[in-house]
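> the amino acid sequence is not available; the structure is as follows:
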């Protein structure tokens, strides 16, 4: 699961999609495409956005729900929390510097 998560986060377009969903969750494919085009000047096809969403969904970062003929995409941050919990910080002083 961690491999899928890191693969999903590695692409800047997918990170931009996640940023948009964090601003306003529950968007349709059309809304996501419009925001990417207008706000970020990304010239990406609907099919391309759909493929990015599929990768994000496989990683668990996006969940979908259907209402009638519409499919809504919601951000799910639980996988990110699991990654953060995997490597807890040791001590409050932060990383130690190696000084000679």
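Right, received. Where do you want to start? Since the structure is predicted, the reported quantities are computational estimates derived from the model, not experimental observations. Residues are numbered from 1 along each chain as shown.
> list the buried residues in stretch 38-58.
Neighbour-count burial for stretch 38-58 flags 42, 44, 49, 52, 53, 55, 56, 57 (criterion: 16 or more other C-beta atoms under 10 Å). Yep, even glycine has a C-beta here, placed from its N, CA and C like the rest.
> helix, strand, or coil at the spatially most central residue of the chain?
In the chain, the centroid-proximal residue (C-alpha atoms, centre = their mean) is residue 18; its distance is 3.5 Å. Following DSSP: H, G, I helix; E, B strand; the rest coil, the label given to residue 18 is helix.
> what sits against it?
The contact partners of residue 18, by C-beta atoms under 8 Å, 6 or more residues apart in numbering, come to 56, 61, 62, 75.
> can you do 10 Å?
Residue 18 makes contact with 8, 9, 52, 56, 61, 62, 75, 77, 80, according to C-beta atoms under 10 Å, 6 or more residues apart in numbering.
> out of those, who's the most crowded?
Ranked by the number of neighbours (other C-beta atoms under 10 Å), the contacts of residue 18 place residue 56 first, at 25 neighbours.
> could you confirm it falls within a helix?
Yes - if the criterion is three-state DSSP, then residue 56 is within a helix.
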